[in-house]
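**Q** take a look and give me a structure for this.
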Amino acid sequence: MTAVVFIHGTGVREPGFSALAGRVAAGLSALRDGLRIVPYYWGGTHGATLAAGGVSLPAGAGTTRGLAESPGQPDGENDEDDAEGTAAAWAALYADPYAELALAAAGAVPAAELPPGSVPPEQGLQSRLSALAAQGDAPAAELGPGLARAAGRLAAHPLLGRAAATVDPGDLATLAARSLTACVVADLLDADSPLIPDGDTRDAVTARLAETLGAPPEGTERGLRSLLLHTAGSAASRVVVRRRRALTEAAHPAAGDVLRYLSRGAAVRADLRALVAGLEPPVALVGHSLGGIIALDTLVSAPLPAVRLLVTAGSQGPFLYESGSLPSLDHPAPLPPHVPDWLNLYDPRDLLGYVGAGVFPGRVTDVAVDSRQPFPAAHSAYWANRAVYRHIVERLP
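**A** Take a look at the predicted model:
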């Protein structure tokens, strides 16, 4: 029986780790029977903490609000520039889930008094949003919790009426669906959840919500895409700046985990070696982000004959090696022969994912996987991507 040791990345703590490990186990087991999935939760014992409760932070320097996410629109084409534009539009929606509604509302003329007996154009959508809120979070369960709360807020939002004056009801339903998805994913990012949906899941949920709210069949809303692309670039830039601050604040566990590992990583590696020593071979190590660095460092430091495969996803090991920062190996020393086969998965939009074939020629297989999410969501979306599991299982001993 092959044992697969899953090693999480930065900032992951309970209960998020158990949920993440469960998803990884389900994804792998769905493609191959008989696997033994062994989680390595180093964050609880070796993760960074603010021992004095954060007194080192300047006054007022609380944790920055994370990136808000929102639904994007599939364009059905494979053109790279168009795909990047779609990703940028998603990034802008993640920054402000009501961005499209605001753009639509900006073209509204002052409201005239309605004729007797008529109803406001947004009333039908408000009723459907209230009905959706009454169903709870189930209609968007693939994304995570928060749909009911988002639908209730949107039903009462003043932008809804002003946007209804500029777009037809079907298009308004599409805009509302994107806003709802954005709000749900924004909550995940605010909580630094390791469970971020990939683009296919996001788009499928958005399309389903749009039809529930009265939109025509998927594909007829393509003209609305230009509303957001006008502002996508600047909004995405503001989001990255905000997120970078969050990642570098001393209060952010992800930044602290990296610094603590690079300065005091021996105990993390020792515990991983002890875990592997208790397993029957063959063993595969699967590491995400910093987890991939931990796995690589452990394997480089001394042979682990039971380990037959190393898998890294969204990991910085090759970059640390090239920059002279990998604890176990100085550039240009070659990768030791006892390091097993290495599969390195990266998302081209994940700014924290690097490739290894150039610095370790003949020793690393780099494979691109596309979650269809912008950064930083792309860094957490590997474990919602079916292609990731397929590539791993194809190479398991």
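**Q** and residue 316, what does it touch?
**A** Neighbouring residues of residue 316 by CB atoms under 8 Å, 6 or more residues apart in numbering: 289, 290, 292, 293, 352, 353, 354. The way it works is simple: take the backbone N, C-alpha and C, and place the C-beta from them, glycine included.
**Q** surely the last one is in contact with residue 313?
**A** No: in terms of CB atoms under 8 Å, residue 354 does not count as a neighbour of residue 313; the distance is 11.2 Å.
**Q** need the overlap of contacts for these two.
**A** Taking CB under 8 Å, 6+ apart as the contact rule, residue 354 and residue 313 both touch residue 346.
**Q** out of the two, which sits in the busier spot?
**A** Taking neighbours as other CB atoms under 10 Å, residue 354 and residue 313 compare with residue 313 leading, 27 against 22.
**Q** how about the more buried one, phi and psi?
**A** Dihedral angles of residue 313 (phi, psi; degrees, to the nearest 10) stand at phi -130, psi 130.
**Q** quick check, pLDDT for it.
**A** pLDDT for residue 313: 98.
**Q** ok, back up a step: let me know the closest of the contacts of residue 316 to residue 395.
**A** Closest approach between the contacts of residue 316 and residue 395, by CB to CB: residue 292, at 15.1 Å.
**Q** could you report the neighbour count for that closest one?
**A** Using other CB under 10 Å, residue 292 has 28 neighbouring residues.
**Q** cool, and the one 10 residues further on?
**A** Here the number of neighbours of residue 302 (other CB under 10 Å) works out to 11.
**Q** ok, it - contacts?
**A** Going by CB under 8 Å, 6+ apart, residue 302 touches residue 273.
**Q** 10 Å - rerun?
**A** Counting by CB atoms under 10 Å, 6 or more residues apart in numbering, residue 302 touches 269, 273, 328, 336, 338.
**Q** residue 366 too?
**A** By CB under 10 Å, 6+ apart, residue 366 lies in contact with 312, 318, 342-346, 353-358, 360.
**Q** shouldn't it be within a strand?
**A** Yes: according to DSSP: H, G, I helix; E, B strand; the rest coil, residue 366 belongs to a strand.
**Q** and it, what are its bridge partners?
**A** For residue 366, the beta-bridge partners under DSSP bridges are residue 344.
**Q** got a pLDDT number for it?
**A** 98.
**Q** begin at 40, not 1, for the rest of this chat.
**A** I'll keep to 40 as the first residue from here, and by that count the last item is residue 405.
**Q** against residue 378, how distant is it?
**A** 16 Å (CB to CB, to the nearest Å).
**Q** who are the packing partners of the host helix or strand of residue 64?
**A** Using DSSP states H and E, residue 64 maps to helix 55-68. Using 3 or more CB pairs under 10 Å, 6 or more residues apart in numbering; DSSP states H and E, the elements in contact with helix 55-68 are strand 42-46, strand 75-79, helix 82-85, strand 322-327, helix 425-434.
**Q** and those, which one's lowest on average pLDDT?
**A** In terms of average pLDDT, helix 82-85 trails the rest of the helices and strands packed on helix 55-68, at a mean of 93.
**Q** if we can go back for a sec, residue 228: which of the contacts of residue 341 is nearest?
**A** Taking CB to CB as the measure, residue 308 is the one of the contacts of residue 341 closest to residue 228, at 30.4 Å.
**Q** can you tell me the SS state at the residue nearest to that closest one when sequence neighbours are not counted?
**A** In space, and not counting its chain neighbours, residue 308 is closest to residue 337: 4.5 Å by CB to CB, 6 or more residues apart in numbering. Look at residue 337: counting by three-state DSSP, its state is helix.
**Q** over to the one 10 residues further on?
**A** The assignment at residue 347 comes out as strand when based on three-state DSSP.
**Q** please report how far it lies from residue 383.
**A** Taking CB to CB, one finds residue 347 at 16 Å from residue 383.
**Q** higher neighbour count, the two?
**A** Using other CB under 10 Å, the more surrounded residue of residue 347 and residue 383 is residue 383, with 24 against 17.
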